[in-house]
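**Q** How does the following fold in three dimensions:
(3 chains)
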Amino acid sequence: MTDRFQHTRFEEPAVGGGLPPLDPWEGPAILLVDLDAFFASVEQLDHPAWRGKPVIVGGDPDKHGVVSTASYEARPFGVRSAMPSSTAKRLCPDAIWTHGHFDRYREMSDAIMGILRAETPHVQQVSIDEAFLDVTPTAVNREHPARVAERIQRRVEEQGVTCSIGVGTSKTIAKIASDMDKPRGLTLVYPGGERDFLAPLPVRTMSGIGAAAEEKLRSRGICTLGQLADADLRMLERVFGKLGRVMHVRANGGDDAPVEQDDEVKSVSNEMTFAHDLTKRQDVEAAIATMAAKVGRRLRRKGLRGRTLALRVKFDDLSVRSVQRQLIEPSDDELAYTPLLYRMIDEVWRPGTPVRLIGVGMSGFEEEGAVQESLFDVTEAAPSTGDVEPVVRDKCKRRGLIEATDLVKNRFGETAVRFGRELRNEENTTGSSSKNPADYK
DNA sequence: TCTGGGGTCCTAGGACCC
DNA sequence: TCTGGGGTCCTAGGACCC
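**A** From the prediction side, this is the model:
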């Protein structure tokens, strides 16, 4: 441990602060706040009997499910996020399992993000359980970033969950620092200490370098961030394109990406993996209708209309095909775009081929305030003849039906109303989504 | 007992227009 | 008639993140 790289932990949510004497902080200060085993921690908060026991939030072991989050009590058994649930079940047979309660996690997350925004408006939420904060000392607020971090940890713990925080001069450093000590860790990397901090770490530690990039680097003898920092820039650019320069800069501690408050949604999608592969056209269309309805409802709830409709299919060998189409006009109405999805599926699938997953997505949202109801069906060109009346009447009726359906679903839950084409076979999903109407407030 | 679901971003090729 | 380049949009696929 050097004065450049301080690594500390505060034992109790101490009123007086549990921090040792601090060196002054000169330069930018970015925090990454990461909620510890978030989903599992909320479950333990809500179920006192589960505290101190291995808890796994994830899909069913016998339905292609995977682990979403494992509590810290489950991790010594080797259980990790993204692991197939079947493997997790074998490693930790006595764990308590739950499919999760996402509205509850969202509620907790919102409360905690509120705590962060009370510290500074410069908050970038990167996921339900992570956010960057820019707390660079200013002329008016000279508070040490470690003191801000400590206060955040205390306030988060008052909500009943814990967090780990990394503090550095860039998002790259803050993110990696937050991973160094979990749970309830607080890791500082002082300005100037970036390269020494990064050098011994495996390349995979850095955000943006996944399995594929790691392998390409390894085959060129680059295994640590120190080796990446010293690697030839032109070679990196040749192999990785734009990413090559980015990873080189970051490995040298030079990341200057700002904390951005950009919460604009760019796409909305739903997908579903089946316990048993689908082969019949009727079943595939039913699944498409179900996904299309979920997407449509979320679009309407968010007040979004999209122009780009996408369909994704995964087969039993895990290969993926995708198709996308531009709509004549932006839509949030699945009754209008589902027929188009039925045509799109023909481009990537032939009945009889086993289908493991189907996904429907919408993107290309129109600008805010540009919402305009057209008289014409979105999936068809405007009629060139004078035969407009039936289309108009049809569309108005449909809108009324959609809105009535949303009302019922809002009150009684997602499964309360189904259109004829939607999938009825509840047993045939991975079971990672909740069937409890209380989950859909 | 293998490998979810919700996202973002990048790339490369083709169409089209000026 | 032949030629070229740049910009933009669209599409499919893939890497990556939590």
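
**Q** Could you list the low-pLDDT ranges of the stretch 301-441 of chain A?
**A** A:367-395, A:411-441 (pLDDT under 70).

**Q** For A:Leu35, which residues are in contact?
**A** A:41, A:109, A:112, A:129-130, A:156, A:161-163 (C-beta atoms under 8 Å, 6 or more residues apart in numbering). C-betas here are computed from N, CA, C, even on glycine.

**Q** near DNA strand C, from these?
**A** A:129-130 (C-beta under 7 Å from any atom of the strand).

**Q** how about the contacts of A:Leu35 in CSV, adding neighbour count?
**A** Listed next are the contacts of A:Leu35 as CSV, based on neighbours: other C-beta atoms under 10 Å:
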residue, neighbour count
A:Ser41, 25
A:Ser109, 21
A:Ile112, 23
A:Asp129, 22
A:Glu130, 17
A:Val156, 22
A:Val161, 22
A:Thr162, 19
A:Cys163, 30
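
**Q** could you dump the contacts of A:Leu35 to TSV with secondary structure and pLDDT?
**A** Conversion of the contacts of A:Leu35 to TSV gives the following (DSSP: H, G, I helix; E, B strand; the rest coil; pLDDT from 0 to 100):
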residue	secondary structure	pLDDT
A:Ser41	helix	98
A:Ser109	helix	97
A:Ile112	helix	98
A:Asp129	coil	97
A:Glu130	strand	97
A:Val156	helix	97
A:Val161	coil	97
A:Thr162	coil	97
A:Cys163	strand	97
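
**Q** and which of the contacts of A:Leu35 is nearest A:Thr353?
**A** A:Asp129 (37.6 Å; C-beta to C-beta).

**Q** ok, now how distant is that closest one from A:Gly241?
**A** 30 Å (C-beta to C-beta, to the nearest Å).

**Q** now do A:Arg104
**A** In terms of C-beta to C-beta, A:Arg104 sits 41 Å off from A:Gly241.

**Q** Kindly report the same for A:Gly65.
**A** For A:Gly65, the distance to A:Gly241 equals 35 Å [C-beta to C-beta].

**Q** A:Gln153 now?
**A** 39 Å.

**Q** And A:Asp263, by the same measure?
**A** Applying C-beta to C-beta, the value for A:Asp263 to A:Gly241 is 28 Å.

**Q** which bits of chain A sit near DNA strand C?
**A** Contact residues (C-beta under 7 Å from any atom of the strand) of chain A with DNA strand C: A:82, A:126-130, A:175, A:206-214, A:308, A:319-326, A:347-348, A:364.

**Q** Looking at those residues, which are in strands?
**A** With DSSP state E as the criterion, strands contain A:126-127, A:130, A:308, A:320-326, A:364 from among these.
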